[in-house]
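*Asks:* give me the fold of what follows.
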Amino acid sequence: MHAHAHSDHRPSHQPRRSSDDRSRYGGRHELGQNFLHHRPTIERIVDLARDTEGPLLEIGPGDGALTAGLARLGRPLTLVELDEHRVRRLRQRFPRATVVHADALHTALDARVVVGNLPFHLTTPLLRKLLRSPEWERAILVTQWEVARKRAGVGGGTLLTGQSAPWFDFQLRCRVPARAFRPVPGVDGGLLDVSRRRAPLVPLSERAAYERFVRRVFTARGRGIGQILQRGLGMSRSAGAAALSRASVSPAALPRDLTPSQWASLWRSFSGR
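*Replies:* Alright, predicted model coming up:
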């Protein structure tokens, strides 16, 4: 099945569009669309984008409900859309925008600001791609509620949060009710605001090694971070205690409890042994 990087999510019970109007990409993603139609959420996204500078790129604009607000900002605007019928309509409706007929998973996300109502089934791969893309400074995204909540560390950080923390700041702006989409999906959405840190907490050249370190911390056995550093990572008791002291972390803390600066401090202690 083709990875459909679209602003909408479609349940299988929706009737098919006519053959003249169906995208050649077909599949279940073509069977009925979940557009974001909730005006307060759209205006919130546009307001966040207004506070940024530079060119904008929208992932999966669909029928252009959010695009219309972004276009009013009067800045260079690129729209990445997979459905060829919508590409045609978007070019007619937004003649000043650059409409790219492509799959966002396989397209450069190279504007300063990236905006999008991400398809729920593609949230994680699109986020992974975005976090590997070096050009953007701010990303304002509607994702599944659980993804937005976890990425922002609400209720505790995850492995992916810890791995991204030195380079990106995640803010959960609001919950987007399922009824904000048409048709209504089975879960709520969340508005996730991601900023690239101007001063990274860990050098980018150490990113791969740092990510392996975080994975080991999350998967190692131990009742708290003190035990994990010793049993899972092989640090001596004294070295582990010194690392925790420098990072202001309790030995009983769990990986999900660590802040970005604490992760960075523990990494410096571990990598500089």
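*Asks:* from here on, just use CA atoms for contacts and neighbour counts.
*Replies:* Fine.
*Asks:* go ahead and confirm Leu229 touches Gly240.
*Replies:* Yes - assessed by CA atoms under 8 Å, Leu229 is found in contact with Gly240 at 6.1 Å.
*Asks:* more neighbours, these two?
*Replies:* Each of Leu229 and Gly240 has its neighbours counted (other CA atoms under 10 Å); Leu229 has more, 26 against 23.
*Asks:* do you know the pLDDT at the more buried one?
*Replies:* With respect to pLDDT, Leu229 scores 95.
*Asks:* now do the contacts for it.
*Replies:* By CA atoms under 8 Å, 6 or more residues apart in numbering, the contact list for Leu229 reads Val217, Met235, Gly240.
*Asks:* just confirm it is within a helix.
*Replies:* Yes - with DSSP: H, G, I helix; E, B strand; the rest coil as the criterion, Leu229 is assigned to a helix.
*Asks:* quick one, helices of the stretch 101-250 of the chain?
*Replies:* Along the stretch 101-250 of the chain, the segments classed as helices by DSSP state H, counting those that start in this stretch run 123-132, 145-151, 159-164, 207-219, 225-227, 237-247.
*Asks:* and the contacts of the fourth one?
*Replies:* Translated: helix 207-219. By CA under 8 Å, 6+ apart, the list of residues contacting helix 207-219 from outside reads Leu159, Gly162, Gln163, Ile225, Ile228, Leu229, Gly232, Leu233, Pro255, Trp267.
*Asks:* which residues of this structure score low on pLDDT?
*Replies:* In the predicted model of the chain, residues 1-33, 273 satisfy pLDDT under 70.
*Asks:* find the centremost residue of it, please.
*Replies:* Within the chain, one residue has its C-alpha closest to the average C-alpha position: by CA atoms, centre = their mean, that is Leu127, at 3.9 Å.
*Asks:* and the gap between that residue and Ser133?
*Replies:* Between Leu127 and Ser133 the distance, using CA to CA, to the nearest Å, works out to 10 Å.
*Asks:* what residues sit buried inside stretch 200-217?
*Replies:* Buried residues in stretch 200-217, defined by neighbour count with 16 or more other CA atoms under 10 Å: Leu201, Val202, Tyr210, Glu211, Phe213, Val214, Arg216, Val217.
*Asks:* whoops, stretch 245-256 was the one
*Replies:* In terms of neighbour count (16+ other CA under 10 Å), stretch 245-256 has its buried residues at Ala247, Val249, Pro251, Leu254, Pro255.
*Asks:* next one: stretch 236-253 to chain centre, how far?
*Replies:* 31 Å (CA atoms, centre = their mean, to the nearest Å).
*Asks:* re earlier: from the contacts of Leu229, which is closest to Glu146?
*Replies:* For Glu146, the nearest member of those is Val217. The distance, counting by CA to CA, is 22.6 Å.
*Asks:* for the closest one, give its distance to Ala242.
*Replies:* Using CA to CA, we find Val217 at a distance of 17 Å from Ala242.
*Asks:* cool, Gly190 as well?
*Replies:* Note on Gly190: its distance to Ala242, by CA to CA, is 39 Å.
*Asks:* over to Trp145?
*Replies:* To Ala242, Trp145 is 38 Å away according to CA to CA.
*Asks:* for Pro251, same thing?
*Replies:* Pro251 sits 11 Å away from Ala242 when distances are taken as CA to CA.
*Asks:* same check on Gly64?
*Replies:* Relative to Ala242, Gly64 is positioned 54 Å away (criterion: CA to CA).
*Asks:* so the two - more neighbours on which side?
*Replies:* The neighbour count for Gly64 versus Ala242, taken as other CA under 10 Å, is higher for Gly64 (21 against 14).
*Asks:* report the contact partners of the more buried one.
*Replies:* Shown in contact with Gly64 (CA under 8 Å, 6+ apart): Leu90.
*Asks:* hmm, try it at 7 Å
*Replies:* When contacts are counted by CA atoms under 7 Å, 6 or more residues apart in numbering, Gly64 touches no other residue.
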